[in-house]
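Participant: below are the sequence and a predicted model; questions follow.
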Amino acid sequence: MKISVKQRIEYFIGDFIACEAATLLFNIVRHLRIHADGQISFVQWSADPYVELGYVAFPAVMLAIFALLGFYNNPLYKSRYELVTNAALGSFVGSLVVYFAIMVNDSFNERSLHYSLLLALWVSFFILVSVIRISVRALLLKRAVDGADTFNVIIVGSVPDADAYAARLEKSNRRMGYRVVGIVDVTDGACYAKPAVYPVVTFDSLAETIDRLNVKSFVILASRGSQKESIETINRMIPFGLTILLPFDFYDIITSRPRLSNIIGEPLVDITAPALSPAAANLKRLGDIVVSAIALVTLLPLGLIISAMIVNDSRGPVLYRQRRVGLHRKEFSIVKFRSMVVDAEASGPALSTDHDCRVTRVGRFLRKYRLDELPQFWNVLCGDMSLVGPRPERAYYFDRLLKIEPAACTIHNVRPGITSLGMVKYGYASNLQEMTERLYFDLLYIENISFSLDLRILFHTVNTVVTGKGI
């Protein structure tokens with residue numbers, strides 16, 4: 001089992017135990033406040049089905065809030081600050097939801113009692129969740145220090161520099177679980193006075209080493225003195241699809257918005273993660289699910305009409321499936337209304353061009369209004385795609401894009417979208433050069449990803465559909 005999955009389960013179990021204990025503590029306070037006269041004992045009061053329901057409802061709401069706020073997205077060695085702030089915010093939001101959904105109808109009219117119970121609810125969950133989370137974190141850090149739970153990294157640089165930095169990283173970042181399993185020599189086998197302490201991995205065997213040792217990250221020792229070579233090294237590592245970390249004092253050789261990976265020991269900057277918080281990513285996914293589900297239902301009549309038009313226009317299936325590269329470079333089958341003749345690519349992959357003879361009469365109409373994309377709401381609901389994200393490409397073309405622009409690999413750090421900044425600003429591409437130019441807009445989207453940008457892209461996409469500017 002992966003370390004991240006194991007830690008996610010441990011934190012979830014710890015939160016569940018904390019929430020159940022907090023519910024019990026709150027119910028004790030609640031009983032003392034409501035039945036201060038002592039006429040009803042706590043045991044008698046607890047037998048009420050309404051109270052018993054709270055032991056299921058309260059933890060369920062709290063765990064859902066914690067998950068929505070992104071606590072379980074990436075649990076690897078979270079700081080105490082992250083644990084406590086997430087517990088405080090999640091408990092506050094969860095307390096409001098529980099109070100107004102379940103407790104607001106409690107049979108008492110004293111306003112101060114309402115406020116005191118709401119405060120007791122928040123304090124109970126905040127304190128117990130924080131305490132248990134800190135205990136779980138201490139256990140995880142102990143396992144990391146003991147070497148039981150570590151994740152593997154490869155240092156990229158000259159052998160002497162990489163050897164020295166690897167030893168320093170393992171020592172100062174031991175609590176973070178870093179374990180250096182090798183170094184990649186960027187000097188192409190130069191002779192050194194001292195042999196390497198850590199195993200030297202060649203570029204030819206790097207892919208095999210990554211797979212065999214389950215490597216999680218690269219740490220690249222870039223250099224301000226040779227900025228061009230440093231950028232080339234970064235670009236050379238990007239296609240492997242791993243997290244790329246830079247020592248903090250080297251991060252300014254790149255133009256992207258770096259994200260600090262940790263503040264314990266050697267500070268490292270992640271230059272591959274999108275600028276989207278876990279909470280924002282979860283809310284984006286929740287919005288995708290809600291909108292796609294509603295769209296699939298409401299657009300069903302339109303889909304049936306389009307299906308009839310396709311059947312009457314040309315032979316072949318109504319829907320067209322094609323393999324595309326998605327999140328974390330995993331392939332999936334994209335679903336579209338068929339807009340071309342059957343066997344349009346019998347001679348191999350070929351991009352569509354203006355006045356393409358392979359496009360059917362109905363297909364040209366569908367492409368003009370982007371109606372051929374409607375079945376992709378199913379891909380969004382299944383989690384393969386998002387409403388807004390980089391344009392998903394076929395592996396055949398993506399491999400060629402990667403040779404032209406290595407940074408193309410970073411588009412797979414987020415889900416591909418039905419629409420994208422590239423489609424809004426550039427539109428369809430008919431050759432590899434145009435695909436590259438459109439790619440730069442998708443890279444720009446990842447650098448500036450936000451809810452407001454998604455809304456603007458969706459607005460312009462709707463305008464494209466209404467005005468028929470799809471082609």
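Facilitator: Good, I have the coordinates. Numbering: from 1, shown residues only.

Participant: where are the low-confidence patches of the stretch 351-471 of the chain?
Facilitator: Applying pLDDT under 70 to the stretch 351-471 of the chain picks out residues 354, 468-471.

Participant: hang on, I meant the chain
Facilitator: In the chain, residues with pLDDT under 70: 1, 77, 103-112, 173-176, 188-194, 222-227, 248-267, 354, 468-471.

Participant: what does the domain assignment say about this protein?
Facilitator: 3-146, 151-270, 278-467 (automatic domain parsing).

Participant: need the helices for the stretch 51-200 of the chain, in chain order.
Facilitator: With helices called from DSSP state H, counting those that start in this stretch, the stretch 51-200 of the chain shows them at 80-98, 111-146, 159-172.

Participant: what comes up buried for the last one?
Facilitator: I take that to be helix 159-172. 159-163, 165-166, 169-170 (16 or more other Cβ atoms under 10 Å). Heads up, the C-betas are built off the backbone N, CA and C, glycines and all.

Participant: cool, the second one as well?
Facilitator: Of the residues in helix 111-146, those buried by neighbour count under the rule 16+ other Cβ under 10 Å are 117-118, 120-133, 136-137, 140-141, 143-144.

Participant: that helix to helix 80-98, inter-axis angle?
Facilitator: 150 degrees (axes from the mean of the first three to the mean of the last three Cα atoms, to 10 degrees).

Participant: which helices and strands sit right next to helix 111-146?
Facilitator: Helices and strands touching helix 111-146, by 3 or more Cβ pairs under 8 Å, 6 or more residues apart in numbering; DSSP states H and E, are helix 3-34, helix 49-68, helix 80-98.

Participant: in JSON lines, list these along with distance to Asn448 and mean neighbour count.
Facilitator: Compiled in JSON lines, the helices and strands packed on helix 111-146 are given as follows (distance: least, Cβ to Cβ, whole Å; neighbours: other Cβ atoms under 10 Å):
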{"stretch": "helix 3-34", "distance to Asn448": "27", "mean neighbour count": "18"}
{"stretch": "helix 49-68", "distance to Asn448": "23", "mean neighbour count": "17"}
{"stretch": "helix 80-98", "distance to Asn448": "24", "mean neighbour count": "19"}
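
Participant: now for Thr298, how many residues are close by?
Facilitator: Number of residues near Thr298 (other Cβ atoms under 10 Å) recorded here: 9.

Participant: let's have the helices of the stretch 51-200 of the chain in CSV, adding distance to Ser333.
Facilitator: Formatted as CSV, the helices of the stretch 51-200 of the chain follow (distance: least, Cβ to Cβ, whole Å):
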stretch, distance to Ser333
helix 80-98, 36
helix 111-146, 38
helix 159-172, 41
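
Participant: wait, which of these is closest to Asp372?
Facilitator: Of all the helices of the stretch 51-200 of the chain, it is helix 80-98 that lies closest to Asp372, at 40.5 Å by Cβ to Cβ.

Participant: what does that closest one contact?
Facilitator: With contacts defined as Cβ atoms under 8 Å, 6 or more residues apart in numbering, helix 80-98 is touched by 57-58, 61-62, 65-66, 69-71, 118, 121-122, 125-126, 129-130, 133-134, 137.

Participant: where along the stretch 201-350 of the chain do the helices fall?
Facilitator: Counting by DSSP H, counting those that start in this stretch, the helices of the stretch 201-350 of the chain are 203-213, 227-237, 278-298, 300-313.

Participant: closest one to Glu20 among those helices?
Facilitator: Going by Cβ to Cβ, the one of the helices of the stretch 201-350 of the chain nearest Glu20 is helix 278-298, 23.6 Å.

Participant: mind listing what's buried along the closest one?
Facilitator: Quick answer for helix 278-298 (16+ other Cβ under 10 Å): 278-284, 287-288, 292, 295-296.

Participant: what packs against it?
Facilitator: On a contact count with 3+ Cβ pairs under 8 Å, 6+ apart, helix 278-298 meets helix 49-68, helix 376-382, strand 386-388, helix 451-467.

Participant: run the last query once more with 7 Å
Facilitator: The criterion is 3 or more Cβ pairs under 7 Å, 6 or more residues apart in numbering; DSSP states H and E, and the helices and strands that helix 278-298 contacts are helix 376-382, strand 386-388.

Participant: now the closest residue to Val311 other than its chain neighbours: how far from Arg415?
Facilitator: Once flanking residues are discounted, Val311 sits nearest to Val318: 6.5 Å by Cβ to Cβ, 6 or more residues apart in numbering. Relative to Arg415, Val318 is positioned 25 Å away (Cβ to Cβ, to the nearest Å).

Participant: looking at these two, which one has more neighbours?
Facilitator: Neighbours were counted for Val318 and for Arg415 using other Cβ under 10 Å; Arg415 has more, 23 against 15.

Participant: I'd say Leu381 and Val291 touch.
Facilitator: No - the pair Leu381 and Val291 fails to qualify as a contact (Cβ atoms under 7 Å) at a distance of 9.3 Å.

Participant: what touches both of those two?
Facilitator: Common neighbours of Leu381 and Val291 are not found (criterion: Cβ atoms under 7 Å, 6 or more residues apart in numbering).

Participant: check the offset of stretch 87-105 from the chain's centre.
Facilitator: 27 Å (Cα atoms, centre = their mean, to the nearest Å).

Participant: please apply the same query to stretch 360-371.
Facilitator: Worked out by Cα atoms, centre = their mean, stretch 360-371 lies 33 Å from the chain centre.

Participant: to Leu302, which of the helices and strands packed on helix 278-298 lies closest?
Facilitator: Once these are compared by Cβ to Cβ, helix 376-382 is nearest, at 11.6 Å.

Participant: alpha carbons only: can I get that closest one in CSV?
Facilitator: Presented in CSV, the C-alpha positions along helix 376-382 are these (Å, rounded to 0.1, in the frame of the first residue of the first chain):
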residue,chain,number,x,y,z
GLN,A,376,-18.3,14.6,-22.7
PHE,A,377,-20.4,15.5,-19.7
TRP,A,378,-20.4,11.8,-19.1
ASN,A,379,-16.6,11.9,-19.0
VAL,A,380,-16.9,14.7,-16.5
LEU,A,381,-19.3,12.8,-14.3
CYS,A,382,-17.0,9.8,-14.3
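
Participant: save the buried residues of helix 278-298 as JSON lines, and put in distance to Tyr81 too.
Facilitator: Output for these, formatted as JSON lines (distance: Cβ to Cβ, whole Å):
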{"residue": "Pro278", "distance to Tyr81": "15"}
{"residue": "Ala279", "distance to Tyr81": "15"}
{"residue": "Ala280", "distance to Tyr81": "19"}
{"residue": "Ala281", "distance to Tyr81": "20"}
{"residue": "Asn282", "distance to Tyr81": "20"}
{"residue": "Leu283", "distance to Tyr81": "22"}
{"residue": "Lys284", "distance to Tyr81": "24"}
{"residue": "Gly287", "distance to Tyr81": "28"}
{"residue": "Asp288", "distance to Tyr81": "30"}
{"residue": "Ser292", "distance to Tyr81": "35"}
{"residue": "Ala295", "distance to Tyr81": "40"}
{"residue": "Leu296", "distance to Tyr81": "41"}
